[in-house]
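Trainee: need coordinates for the below:
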Amino acid sequence: MVAAMAVTPFLNNAATVLVMAPIAATFATGLGYQPEAFLMAVAIGADSDFLTPIGHQCNTLVMGPGGYRFGDYWRLGLPLSILVVIIAVPMLMLVWPM
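Mentor: Below you'll find the model as predicted:
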């Protein structure tokens, strides 16, 4: 999930999933786990782009009218990204037990 969050500010979220999904599935299979939880973590991580205005079109749309600067996304997006990881990982483990 964190790797997908790190890639998605520079790629489109759909492209991030296309790149990261085979890696996550192979990693899960290599560890002896079912890949569903890993793939869902990639999907959540790729969809959680709060760090830059260029990673997602909605971030770009609100930048001008909202008067945001590039650094504003990091200041607000980093705590939100950490919160997503803190909540999503236990929930993924609850829904898809290892």
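
Trainee: secondary structure class for Ile86?
Mentor: helix (DSSP: H, G, I helix; E, B strand; the rest coil).

Trainee: do you know how far it is from Pro79?
Mentor: Relative to Pro79, Ile86 is positioned 10 Å away (C-beta to C-beta, to the nearest Å). To be clear about C-beta, it is placed using only N, CA and C from the backbone, and glycine gets the same treatment.

Trainee: now Phe70
Mentor: Summarising the geometry, the distance separating Phe70 from Pro79, computed by C-beta to C-beta, is 17 Å.

Trainee: looking at the chain, which helix or strand is least sure?
Mentor: helix 57-66 (a mean of 86; mean pLDDT, DSSP states H and E).

Trainee: go through that one and flag the buried ones.
Mentor: Using 16 or more other C-beta atoms under 10 Å as the burial criterion, the residues of helix 57-66 that qualify are Asn59, Met63.

Trainee: same check, this time on stretch 4-21
Mentor: Within stretch 4-21, the residues that count as buried by 16+ other C-beta under 10 Å are Ala4, Met5, Val7, Thr8, Pro9, Leu11, Asn13, Thr16, Val17, Val19, Met20, Ala21.

Trainee: tell me the SS of the residue nearest the centre of the chain?
Mentor: Central residue check for the chain by C-alpha atoms, centre = their mean: the C-alpha nearest the mean position is that of Gly45, 1.7 Å away. Following three-state DSSP, Gly45 is assigned to helix.

Trainee: with that, I have no additional questions.
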